[in-house]
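*Asks:* Pasting the sequence and the predicted model now:
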Amino acid sequence: MTDLTLPNGSLRLAASVHGRSDAPPLLFLHGLGLGRDTWEEGLMRLMDRYQVWTLDFRGHGRSDWAETYDLEGYRSDAEAALAAIARPTLIVGHSLGGVVAGLLAQTSNPNVRSVFLEDPPWYMGEPAEWRRTPMPRLFAAVSARQASWVRDKTPLNSILEALSNAPWPTGGQARDHILPRHLLSQASALQRQDNRCWALASLEVDRLMVPVPRERPLVRPAMVIQGDARFGAVFLPGQDARFLAANPHAEIIAYEGAGHSPHRSFAFEDRFYADLKAFASRTFAG
């Protein structure tokens, strides 16, 4: 593994690269409130065949904080990583990272080869769709709590305990469903995150996602992992048909019983990476 600092204007972005320099490249993009080490298990599974890049978005992880946090800024962070890779790349994105990857797949950027989107909140910029998700109350609660953790310099173990004991949509607590290292990774990410990253989330609509050109087709191959809305997923029933109407060549795989982040869960981690490996193999077959 090599840790890198990538320039994006006046910002310095933290990234890591694993694997051989001559292997096909994958770029992993995390969700809001997470960091690049959320993909640690994936690296171990993929670096024998691929060069794997991970990135901390602005305001997250070890990257610099910015004056504002919007989709254009996050997209420019990913573009800075693509420029460093400088080859056609499969982009894997979870949540916010999935939307950024989708935006890049709508362009003719030659460094975007295909995208693999994990439960992307593609339609959460529409008030009616936003209200169908559990995110309005969740975002408000996490934003407030994260602000207090940063302000009070809350110890990492206390944040980890709060996350681990949080109630889970399928019953029990988060610790019963999310892998322990992922809970630690999330606690560490929230401890360092700039709280202003949450500013565009509101009770009326997810304003961060309002600018997404939802009906513009993707011009690169895409696979979407659709979680289960009953358990906290945000790519909702009905949105799959709408997405395919705009992108008839995309593939959507439904994970019944999965929540918003299958790659972090006991039940779906293996399936997630098996599907990613199969998609990557097809992506680079030619």
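*Replies:* Sure thing, it's come through.
*Asks:* And the helices in the chain, which stretches?
*Replies:* 40-46, 71-85, 96-105, 127-132, 135-151, 156-164, 180-192, 239-246, 269-283 (DSSP state H).
*Asks:* Out of those helices, flag the one nearest Gly61.
*Replies:* helix 180-192 (6.4 Å; CB to CB). For every residue, glycine as well, the C-beta is placed using N, CA and C.
*Asks:* Can you list the low-confidence ranges for this protein?
*Replies:* By pLDDT under 70, the low-scoring segments of the chain are 286.
*Asks:* any idea which residue sits dead centre in it?
*Replies:* His94 (2.4 Å; CA atoms, centre = their mean).
*Asks:* Run through the bridge partners of that residue.
*Replies:* Glu118 (DSSP bridges).
*Asks:* Give me the distance between it and Thr68.
*Replies:* To Thr68, His94 is 22 Å away according to CB to CB, to the nearest Å.
*Asks:* same thing with Ser108?
*Replies:* 27 Å.
*Asks:* got it, and Gln186?
*Replies:* For Gln186 relative to Thr68 (CB to CB), the value is 24 Å.
*Asks:* These two: which is more packed in?
*Replies:* Gln186 (24 against 12; other CB atoms under 10 Å).
*Asks:* Let me see the contact set for that one.
*Replies:* 33-34, 38, 163 (CB atoms under 8 Å, 6 or more residues apart in numbering).
*Asks:* distance of it from Ala233?
*Replies:* 17 Å.
*Asks:* do Ser143 as well
*Replies:* Ser143 is 20 Å from Ala233, by CB to CB.
*Asks:* who has more neighbours, the two?
*Replies:* Ala233 (25 against 19).
*Asks:* Check the gap between the spatially closest residue to the more buried one that is not a sequence neighbour and Pro169 for me.
*Replies:* Nearest in space to Ala233, with sequence neighbours left out and distances taken as CB to CB, 6 or more residues apart in numbering, is Gly227 at 2.8 Å. Gly227 sits 11 Å away from Pro169, going by CB to CB.
*Asks:* hey, what's in contact with both of these two?
*Replies:* Counting by CB under 8 Å, 6+ apart, the contacts common to Gly227 and Pro169 are Gly259.
*Asks:* and those two? which has more neighbours close in?
*Replies:* Comparing Gly227 with Pro169 by other CB under 10 Å, the one with more neighbours is Gly227, at 24 against 15.
*Asks:* what's near enough to touch the more buried one?
*Replies:* 119, 233-235, 255, 258-262.
*Asks:* Then Trp130?
*Replies:* With CB under 8 Å, 6+ apart, Trp130 has these contacts: 124, 136, 204-206.
*Asks:* Pick out the most distant pair among these.
*Replies:* Among the contacts of Trp130, Met124 and Glu204 lie farthest apart (CB to CB), at 11.7 Å.
*Asks:* So between these two, which is more surrounded?
*Replies:* Taking other CB under 10 Å, Met124 and Glu204 do not tie; Met124 has more neighbours (29 against 9).
*Asks:* ok, for that one, nearest residue in space, not its chain neighbours?
*Replies:* Asp206 (4.2 Å).
*Asks:* wait, isn't Leu104 in contact with Tyr74?
*Replies:* No - with contact defined as CB atoms under 8 Å, Leu104 does not reach Tyr74; the gap is 10.6 Å.
*Asks:* still on that earlier bit, I'd like the contacts of Gln186 as JSON lines, with neighbour count and distance to Leu11 appended.
*Replies:* Listed next are those as JSON lines, based on neighbours: other CB atoms under 10 Å; distance: CB to CB, whole Å:
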{"residue": "Gly33", "neighbour count": "19", "distance to Leu11": "19"}
{"residue": "Leu34", "neighbour count": "27", "distance to Leu11": "19"}
{"residue": "Thr38", "neighbour count": "25", "distance to Leu11": "21"}
{"residue": "Leu163", "neighbour count": "20", "distance to Leu11": "28"}
